[in-house]
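Novice: Build me a model from this:
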Amino acid sequence: MLFLKYTYLVIFFWSISTNAFPEMHNYKDLQPLDDNEALDISIISMGKDTEFSRPISDYLSISESEQEKLDQCLKEKAKLIFTDNFDSFNKTCMSAFNMNIADAGYILGSELMHGEWIPPNEDQAVELLMSSAKMGSRESKRLLTNYLTDPIIAINDYQSALEFAKELEKSGYQWDIYRSASLHTAYGTRNEAQEYYEVLIEMATKGNQEASISAALSRIKYGYLHDLTIAKQLFSNADVGSHNKYSFLPVLIDIMEDDLIAARKKLNTCQSLSATCNMLYYKFIVYGIGGPKDLEEANEILERGFEKWPRRTANNYAWEKSIASDAPLFNPSAALKALKYIPERLKQVHYIKDTIAAVYAANNSFEKAIELQSEVLESISTNKPNKRYEGFIQRLNSYKNKKRWIEPNNNEDFIAGIKGFTSTTDTQRELTSI
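Specialist: The predicted structure follows:
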């Protein structure tokens with residue numbers, strides 16, 4: 001709860017007034033929220049407050065003097081919203097971390113990982129988070145289980161993630177049990193997959209719909225639990241049809257069964273309900289999967305999706321408009337305009353910066369594209385293999401030769417990518433990145 005307690009009240013006024021923000025620098029006049037106010041914000045930010053919600057600021061118990069040091073670290077983090085004084089934030093949090101305050105490493109490491117208010121540094125972030133986790137930080141362990149299994153980052157260190165997830169089961173939070181069960185059914189041994197599948201089913205019977213979906217996805221993906229008949233039953237029990245965000249899931253079953261005509265029909269139905277359906281349907285039309293190829297129709301689908309979900313689809317939209325071989329899909333000016341819908345703090349994330357570099361190259365700004373693509377390679381971890389690294393290198397070389405990047409169209413690779421999905425907790429991001 002500490003971070004929320006130091007979520008300054010002025011943030012509210014900043015969100016409704018764009019004029020007051022630039023002049024506000026008198027931090028000592030800002031008041032922290034009390035416990036009740038912070039709790040209200042935590043409930044609002046999480047949506048419905050249930051026993052399955054993710055823990056918020058679940059920091060270790062420490063002494064009063066250590067708490068003062070951690071509070072100083074949190075205050076410096078809050079100030080990053082208004083300043084770019086990374087040095088003060090880094091110095092304050094590292095000082096606390098060097099005093100063996102584990103969660104100071106999480107606070108600093110998470111900022112370096114996400115690059116929300118400071119330049120990202122993945123290697124440094126991982127080093128801090130790993131050390132913090134070994135010191136017992138539960139928040140570092142939660143972040144690392146996400147990072148090490150993230151389908152976009154593709155580090156794929158499943159063993160370390162499973163070890164952290166197993167340790168987090170002792171926290172007492174249902175969220176941690178759910179996450180551990182989801183990860184073990186996806187990446188564990190045969191015995192672990194079966195054991196934790198039963199855990200998901202038990203949680204599903206208690207009302208955890210995410211557990212029901214994860215259980216179903218574990219039956220769809222190739223692995224020890226693969227069984228499409230059971231998956232269909234689970235989707236039916238979870239009442240998928242009444243939730244737009246799950247509307248793409250029956251499509252997966254059709255694709256796994258090689259019924260691409262049926263998959264295309266379902267995508268046509270759900271494209272207006274789900275951004276994931278919209279992007280998958282776009283790819284089906286571009287590649288001519290399950291029906292005829294039609295670039296004009298594909299462009300209309302892409303435009304409709306961007307119009308309906310501009311912030312959610314801006315990165316994919318800008319990418320497609322930059323790397324397509326021909327008009328009407330290739331539209332570099334539209335790609336450039338779409339970048340304004342990507343929050344500034346997210347533009348430091350490496351795979352989004354990769355898109356931005358492609359946009360600049362499509363607009364013949366090759367020097368800027370080279371600069372951004374070089375930053376992509378510098379920011380990602382070199383300690384573990386990354387299946388996307390080769391693509392980053394290829395694009396950088398293309399820009400150095402003053403050639404924009406044109407993505408090869410291979411419908412077989414696309415379908416193989418969908419069939420080979422790995423995540424049962426972040427499936428939508430994985431599918432729309434293929």
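Novice: who touches stretch 308-321?
Specialist: For stretch 308-321, contacts defined as C-beta atoms under 8 Å, 6 or more residues apart in numbering pick out 272, 275, 278-279, 282, 302, 305-306, 329-332, 334-336, 338-339, 341-343, 351-352, 355-356, 358-359, 362, 432. The C-beta positions use only the backbone N, C-alpha and C, and glycine is treated the same way.
Novice: Buried residues in it, which are they?
Specialist: Using 16 or more other C-beta atoms under 10 Å as the test for burial, stretch 308-321 gives 309, 312-321.
Novice: Which one of these is nearest to residue 292?
Specialist: Nearest to residue 292 among the buried residues of stretch 308-321 is residue 320, at 19.3 Å by C-beta to C-beta.
Novice: Which ones among the buried residues of stretch 308-321 map onto helices?
Specialist: Using DSSP state H, the members of the buried residues of stretch 308-321 that fall in helices are 312-321.
Novice: Show me the two of those that sit farthest apart.
Specialist: Using C-beta to C-beta, those span at most 15.9 Å, a distance reached by 312 and 321.
Novice: quick revisit: out of the contacts of stretch 308-321, which are buried?
Specialist: Among the contacts of stretch 308-321, those that count as buried by neighbour count (16+ other C-beta under 10 Å) are 275, 278-279, 282, 302, 305-306, 329-332, 334-336, 338-339, 341-342, 351-352, 355-356, 358-359, 362, 432.
Novice: and stretch 69-88, which residues are buried?
Specialist: 69-70, 72-80, 82.
Novice: What of stretch 388-406?
Specialist: Buried residues in stretch 388-406 (16+ other C-beta under 10 Å): 388, 392, 395-396, 398-399, 404-405.
Novice: Among those residues, which lie within helices?
Specialist: Short answer: these in helices (DSSP H) are 392, 395-396, 398-399.
Novice: so where's this structure uncertain?
Specialist: Across the chain, the ranges flagged by pLDDT under 70 are 1-51, 237-244, 381-387.
Novice: Filter the contacts of stretch 308-321 down to the ones in helices?
Specialist: 275, 278-279, 282, 302, 305-306, 332, 334-336, 338, 351-352, 355-356, 358-359, 362, 432.
Novice: Could you report the neighbour count for residue 205?
Specialist: The tally of other residues near residue 205 (other C-beta atoms under 10 Å) stands at 11.
Novice: quick one: it from residue 268, how far?
Specialist: For residue 205, the distance to residue 268 (C-beta to C-beta, to the nearest Å) stands at 34 Å.
Novice: From residue 333, how far out is residue 393?
Specialist: From residue 393 over to residue 333 the distance is 28 Å, taken as C-beta to C-beta.
Novice: ugh, typo on my part, it should be residue 417
Specialist: 29 Å.
Novice: which of those two has more neighbours?
Specialist: Between residue 417 and residue 333, counting by other C-beta under 10 Å, residue 417 is the more crowded of the two (15 against 11).
Novice: Please look at that one and residue 410 and confirm they touch.
Specialist: No. Using C-beta atoms under 8 Å, residue 417 makes no contact with residue 410, being 9.6 Å away.
Novice: any idea which helix or strand comes after the strand or helix carrying residue 231?
Specialist: Per DSSP states H and E: residue 231 is located in helix 228-237. Sequence-wise, the next helix or strand downstream of helix 228-237 (DSSP H and E) is helix 249-256.
Novice: quick check, distance from the next helix or strand after that following helix to the centre of its chain.
Specialist: With elements assigned by DSSP H and E, the helix or strand that comes after helix 249-256 is helix 260-270. Relative to its chain's centre, helix 260-270 lies at 26 Å (C-alpha atoms, centre = their mean, to the nearest Å).
Novice: hey, C-alpha coordinates of helix 260-270 in PDB?
Specialist: This file holds the C-alpha atoms of helix 260-270, laid out as PDB (Å, rounded to 0.1, in the frame of the first residue of the first chain):
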ATOM      1  CA  LEU A 260      -9.500 -22.400 -41.200                       C
ATOM      2  CA  ILE A 261     -12.800 -21.700 -43.100                       C
ATOM      3  CA  ALA A 262     -14.700 -21.900 -39.800                       C
ATOM      4  CA  ALA A 263     -12.000 -19.800 -38.000                       C
ATOM      5  CA  ARG A 264     -12.400 -17.100 -40.600                       C
ATOM      6  CA  LYS A 265     -16.200 -17.100 -40.200                       C
ATOM      7  CA  LYS A 266     -15.900 -16.800 -36.500                       C
ATOM      8  CA  LEU A 267     -13.300 -14.000 -36.800                       C
ATOM      9  CA  ASN A 268     -15.700 -12.100 -39.100                       C
ATOM     10  CA  THR A 269     -18.300 -12.300 -36.400                       C
ATOM     11  CA  CYS A 270     -16.100 -11.300 -33.400                       C
END
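Novice: Which positions in that helix come out as buried?
Specialist: Buried residues in helix 260-270 (16+ other C-beta under 10 Å): 260, 262-264, 266-268, 270.
Novice: Kindly calculate the angle that that helix makes with helix 249-256.
Specialist: 160 degrees (axes from the mean of the first three to the mean of the last three C-alpha atoms, to 10 degrees).
Novice: which helices and strands does helix 260-270 pack with?
Specialist: For helix 260-270, the packing partners by 3 or more C-beta pairs under 8 Å, 6 or more residues apart in numbering; DSSP states H and E come out as helix 249-256, helix 275-287.
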